[in-house]
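# give the three-dimensional model of this entry:
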Amino acid sequence: MSAFSRNRRRILSLWLPRLPIDRITRQLARQSAAPAKAFSSEVGTGSGGENASEQNSNPSIVVAKQNNALQIFALDDAAARLGLAIGLPLANARAICPRLRVFDADTAADAGVLNDVADWCDRFTPLVALDPPYGLFLDITGCAHLFGGEAGLMQMVCGALTRQGFAVSAAIAGTSICARTVTRHVSGRIVPDGGEAEAVKSLPVFALGADDTITRGLRRAGLKTIGDVASRARHEITARFGDDFTTLLAHALGQGDAPISPRKPLPDYIVEKRFPEPVATEAVISATLSRLAAMLVAAMDRQGKGARRLEAHFFRTDGAVRAIAVDTGQPVTRAEMIDRLFRERLDALHDPLDPGFGFDLIRLSASRVEIVVQQQRDLDANVHDNDELADLIDRIAARIGGQRVVVYLPQDTHVPECAVMAAPAQHHLAAAQQADWPARVTSEPPLRPLRLFARPEAIKVIAEVPDGPPAWFQWRRATHTVRRVEGPERVAMEWWRSQKAMLTRDYFRVEDEAGLRFWLYRDGLYDRGIAQPAGEIIQPNWFVHGLFA
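Below you'll find the model as predicted:
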């Protein structure tokens, strides 16, 4: 046996061949009181007088428009027993069975269901990859023994999906391509390590999933099975059908393998708790999270790590999965802090955590960790203050969201609205504390307003042309007579950052007769207009950009 075979991974391939029709059937079963049209565009389902039981007994198909004709896209067992097949025109199907229930295809909804199934499969292994349109790959290397071996794991997965209303086929092999090839024809097959070539040699060539043109070319050449193709010299197959097909064939035979692409990156640390009986009470869920937090901290502490991002996954018995994540500004090394952050997050959920019939698995993972830098905390009061501030920010962010807790950082630009950048406080707290802001001259009034508008608001102005200050302006339907003026302060736009011509601004600090102070600017110069492609000249306009205290 080669070194590659000795280190072979084990891949479980799942195939849901009737996912579109299974999705619709599950919807109809959950809401049997509602008419079928609430879930799909039904085309000619028979007379409206038949009751629900009669409708459910009729064969069902899903159709999609292909080659300017409606063709069968998916079908249930009853339709298959009548001789209907995928690709058959709808008119022919109606001629065979006039009482068909017909639904429109919805590939987006099908992809959503496949992702839901993949989320549920995370309970068995964190390495789950999509195999579109109706398949999944599960890397079960080293974890099958937790579920009674490979046979027990496959039986558990297939049994649960069948109870949920899915038609499912599964196979396990040393390569993903071999497992997928076997899955399409033999459900429940476990290919031993090194037995890939023997397992697939009798299968038809279209089981490889190659392009239809390649499959037809092989059949025309008399190569009807994978074994027939494998018996030919490699260079002959490559010369006729290309390197990609040759590589696909080699992977199916167990001669090398392409790695799968998991949907989610593998967390650095994972701890979980499985329950023999589903749990649904808030006290048990909170206590479980506390114990998992202690286990996670102990695992990270052994390697001197702290968590920056934590995720809790709650797996319901009906297959639904709920994930909750919290971020931290500094590496967390205390279990009580993790517990407190998740309590804040759970209390603030707009959609409460619904246990349904109970959770049978709760998992806590650290998806991003950092090395903990030890600091002298007993004598340095600033360290204590920083820790308390960071903990406060984490708790607020867990409740209202990290993007809503911000700090402001100065930017190297003279454009007023770009001089400050709002950044998440959890990730930029240290930078904000060390930021170098321009010093204010105490004997002079502030050059910038206390409140700066996100978007300048247009105003009507009476001013001396070409560079005179405003004498009167109207803003928000209120008229203001200017009594005092400071300016202008000319600000040119950053032409090197924009391909289009930009107007020069003249800013004025003005005070009206009521003592209110405004920051106004004229956008453009009267003697320098900017021509548009249509030949029009942009005339200067006035705006209010902020308010002083």
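# can you pull out the helices in the stretch 101-250 of the chain?
Under the criterion DSSP state H, counting those that start in this stretch, helices of the stretch 101-250 of the chain are mapped to 107-121, 149-163, 176-183, 196-200, 212-220, 226-230, 234-241, 243-252.
# and the ones you listed as JSON lines, adding mean pLDDT?
Written out in JSON lines, the entries for those read as follows (pLDDT from 0 to 100):
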{"stretch": "helix 107-121", "mean pLDDT": "94"}
{"stretch": "helix 149-163", "mean pLDDT": "94"}
{"stretch": "helix 176-183", "mean pLDDT": "94"}
{"stretch": "helix 196-200", "mean pLDDT": "92"}
{"stretch": "helix 212-220", "mean pLDDT": "89"}
{"stretch": "helix 226-230", "mean pLDDT": "91"}
{"stretch": "helix 234-241", "mean pLDDT": "88"}
{"stretch": "helix 243-252", "mean pLDDT": "91"}
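# tell me which of those lies nearest to residue 131.
When those are compared by C-beta to C-beta, helix 176-183 sits nearest residue 131, at 6.3 Å. Any C-beta I mention is one placed from the backbone N, CA and C, and that applies to glycine too.
# what mean pLDDT does stretch 82-102 get?
Averaging pLDDT along stretch 82-102 yields 91.
# and that stretch, how far apart are its ends?
The separation between the terminal residues of stretch 82-102, taken as C-alpha to C-alpha, to the nearest Å, is 15 Å.
# need the winner for burial among the helices of the stretch 101-250 of the chain.
Of the helices of the stretch 101-250 of the chain, the one with the most neighbours on average (mean count of other C-beta atoms under 10 Å) is helix 176-183, at a mean of 26.
# what pairs with residue 472 across the strands?
Each beta-bridge partner of residue 472 is listed here: residue 462, residue 481, as defined by DSSP bridges.
# and it, what does it touch?
When the contact criterion is C-beta atoms under 8 Å, 6 or more residues apart in numbering, the partners of residue 472 are 461-462, 479-482.
# redo that, cut-off 10 Å
The neighbours of residue 472, taking C-beta atoms under 10 Å, 6 or more residues apart in numbering as the test, are 460-463, 479-482, 512.
# quick one: least confident helix or strand in the protein?
Counting by mean pLDDT, DSSP states H and E, the chain has its least confident helix or strand at helix 3-6, which shows a mean of 41.
# still on that earlier bit, and the least confident of the contacts of residue 472?
For the contacts of residue 472, the minimum pLDDT belongs to residue 463; the value there is 88.
# wait, it sits on residue 542?
Yes - using C-beta atoms under 10 Å, residue 463 makes contact with residue 542 at a distance of 7.5 Å.
# stretch 414-428: which residues count as buried?
Across stretch 414-428, burial judged by 16 or more other C-beta atoms under 10 Å covers 416, 420, 423-426, 428.
# measure that stretch end to end?
Terminal residues of stretch 414-428 are spaced 22 Å apart (C-alpha to C-alpha).
# hang on, residue 63 in a helix?
No - Residue 63 is assigned strand when assessed by DSSP: H, G, I helix; E, B strand; the rest coil, not a helix.
# which one is it nearest to, not counting chain neighbours?
Leaving aside its sequence neighbours, residue 63 sits nearest to residue 70 (C-beta to C-beta, 6 or more residues apart in numbering; 4.6 Å).
# would you confirm that that neighbour contacts residue 93?
Yes - using C-beta under 10 Å, residue 70 and residue 93 qualify as a contacting pair, with a distance of 9.2 Å.
# tell me, what's touching the two both at once?
Common neighbours of residue 70 and residue 93 (C-beta under 10 Å, 6+ apart) are 63, 102.
# more neighbours: these two, which one.
residue 93 (24 against 18; other C-beta atoms under 10 Å).
# show residues contacting the stretch of helix or strand the more buried one belongs to.
Under the assignment given by DSSP states H and E, the secondary-structure element containing residue 93 is helix 90-96. Helix 90-96 is touched from outside by 43-44, 59, 61, 63-65, 69-72, 75, 79, 82-85, 88-89, 100, 102, with contacts defined as C-beta under 10 Å, 6+ apart.
# closest to residue 8 out of the helices of the stretch 101-250 of the chain?
helix 196-200 (9.2 Å).
# if we can go back for a sec, can you say which of the contacts of residue 472 are buried?
Applying a neighbour-count criterion of 16+ other C-beta under 10 Å, the buried members of the contacts of residue 472 are 461, 463, 480, 482, 512.
# a markdown table for those residues, including distance to residue 122?
Putting these into a markdown table (distance: C-beta to C-beta, whole Å) gives the following:
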| residue | distance to residue 122 |
| --- | --- |
| 461 | 62 |
| 463 | 65 |
| 480 | 62 |
| 482 | 65 |
| 512 | 63 |
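# next, give phi and psi for the closest residue to residue 61 other than its chain neighbours.
Once its chain neighbours are removed from consideration, residue 61 has its nearest residue in residue 75; the separation is 4.5 Å (C-beta to C-beta, 6+ apart). Here the main-chain torsion angles of residue 75 (degrees, to the nearest 10) amount to phi -150, psi 160.
# turn the buried residues of stretch 414-428 into JSON lines, including pLDDT.
JSON lines is the format used below for those (pLDDT from 0 to 100):
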{"residue": "416", "pLDDT": "88"}
{"residue": "420", "pLDDT": "87"}
{"residue": "423", "pLDDT": "89"}
{"residue": "424", "pLDDT": "88"}
{"residue": "425", "pLDDT": "88"}
{"residue": "426", "pLDDT": "87"}
{"residue": "428", "pLDDT": "84"}
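# part of a helix, is residue 310?
No - counting by three-state DSSP, one finds residue 310 to be strand, located in no helix.
# what sits against it?
267, 269, 293, 296, 324-328, 332, 338, 341-342, 345, 364-369, 398.
# just the buried subset of those residues, please.
Neighbour counting over the contacts of residue 310 (16+ other C-beta under 10 Å) leaves 267, 269, 293, 296, 324, 326-328, 332, 338, 341-342, 345, 364-367, 369, 398 as the buried ones.
# still on that earlier bit, now, the contacts of helix 90-96 that are in strands?
When the contacts of helix 90-96 are checked against strands (DSSP state E), the matches are 61, 63-65, 69-72, 75, 102.
# for the residues you listed, pick the one with the most neighbours.
Looking at these with neighbours defined as other C-beta under 10 Å, the largest count falls to residue 61 at 27 neighbours.
# gap between it and residue 100?
The gap separating residue 61 from residue 100 is 6 Å, by C-beta to C-beta, to the nearest Å.
# which stretches of the stretch 251-400 of the chain form helices?
Using DSSP H, counting those that start in this stretch, the helices assigned to the stretch 251-400 of the chain run over residues 282-301, 335-347, 381-400.
# give me the angle between the second one and helix 282-301.
For the pair helix 335-347 and helix 282-301, the angle between their directions (axes from the mean of the first three to the mean of the last three C-alpha atoms, to 10 degrees) equals 140 degrees.
# if we can go back for a sec, redo the helices of the stretch 251-400 of the chain as CSV? Include mean pLDDT and distance to residue 473.
Formatted as CSV, the entries for the helices of the stretch 251-400 of the chain read as follows, by pLDDT from 0 to 100; distance: least, C-beta to C-beta, whole Å:
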stretch, mean pLDDT, distance to residue 473
helix 282-301, 93, 58
helix 335-347, 91, 47
helix 381-400, 79, 38
